[in-house]
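>>> sharing a sequence plus its predicted fold:
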Amino acid sequence: MVETNLILLGPPGAGKGTQAERLQADFGLAHISTGDMLRAQRAAGTDLGREAEKYMNAGELVPDEVILGMIGLRIAEQDAREGFLLDGFPRNTAQADALSKTLADSGRRLTAALLIDVPDQEVVRRLAGRRVCSKSGHVYHVEFDPPKREGVCDQDGSRLIQRDDDKEETILRRLEVYARQTSPLINYYEQAGLLRRFDGQRDPDEVHDHIRATVATLRLEDEL
Ligand code: ADP
Ligand code: ADP
């Protein structure tokens, strides 16, 4: 079977992680979140984690060489050989170029780039209210998707925390970084004929239904 290799694009807070968790379950794809990988390195106290933390707390991008080294290894792992879902990568055109080269070198290709479109003022509300499970990383929102018991993860009972970079000043900086460095990728993937757009302002189930239907169609087309 042809592998399905997807990118989730969209501003911080668009719902990439929320949708990735669902799509991973639908299609058995490896969910590869560079943000989650960096936070795991930080929690483990590695040199890479310590280096990345400075940039993450400031809302800036971590240097490309750090990210590219991590991604190159990850997409070559066995679970990702059958298809992957990239969440939070690529974030600039240098990363996108490096990805297409890495894939081409191993005879692989991208299936589509899925853009979740959400305006800035909605992003600020979402990020300010985001809470994540300290253990699994499962995502909640205090207003839009609250846990059954305040401050506690429904799935494993762990404590919910607010990410350090989900504070107002850092959120605004991250939005600027998105606009300047990441949003050019919309045009980049449109030119490549790979872009699919989704209205991220709908509720998470509806966004999920739309993306799932599109991905199912792409997979059918690939099999023909
Ligand atoms: P969000 O899901 O809110 O968009 P992420 O979890 O993807 O945030 O990323 C958190 C931070 O990790 C970013 O602000 C950035 O500092 C760093 N980061 C994650 N992915 C990348 C990447 N591909 N390139 C550079 N920095 C990254
Ligand atoms: P990203 O990975 O793009 O940064 P997340 O999936 O972490 O985004 O979502 C950011 C916040 O917005 C979370 O608190 C999440 O619960 C909430 N959220 C996600 N999708 C929606 C949606 N369609 N409508 C309302 N809130 C949402």
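Nice, thanks for sending it over. Ligands and ions are numbered 1, 2, ... in the order given.

>>> gap between the closest residue to residue 168 other than its chain neighbours and ligand 2?
Here the nearest residue to residue 168 in space, its sequence neighbours aside, is residue 128; by C-beta to C-beta, 6 or more residues apart in numbering that works out to 6.6 Å. For the C-beta atoms, the positions are set from N, CA and C on the backbone; glycine is no exception. Going from residue 128 to ligand 2 by C-beta to the nearest ligand atom, to the nearest Å gives 9 Å.

>>> now residue 121
For residue 121, the distance to ligand 2 equals 13 Å [C-beta to the nearest ligand atom].

>>> thinking again about what came up before, touching, the residue nearest to residue 168 and residue 170? I think so.
No: look at residue 128 against residue 170 with C-beta atoms under 8 Å: they stay out of range, at 10.7 Å.

>>> of these two, who's got more company?
Neighbours of residue 128 and residue 170, each counted by other C-beta atoms under 10 Å, are more numerous for residue 170; the result is 19 against 16.

>>> buried ones in stretch 66-79?
If you call a residue buried by 16 or more other C-beta atoms under 10 Å, then stretch 66-79 has these buried ones: 66, 67, 68, 70, 71, 74, 75.

>>> could the residues you listed go into a markdown table alongside pLDDT?
Output for the buried residues of stretch 66-79, formatted as a markdown table (pLDDT from 0 to 100):
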| residue | pLDDT |
| --- | --- |
| 66 | 95 |
| 67 | 97 |
| 68 | 96 |
| 70 | 94 |
| 71 | 96 |
| 74 | 95 |
| 75 | 95 |
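
>>> show me the contacts for residue 146.
Residues in contact with residue 146, defined by C-beta atoms under 8 Å, 6 or more residues apart in numbering, are residue 140.

>>> quickly find the element holding residue 101.
Using DSSP states H and E, residue 101 sits in helix 93-105.

>>> right, and the helix or strand after that helix?
Sequence-wise, the next helix or strand downstream of helix 93-105 (DSSP H and E) is strand 112-117.
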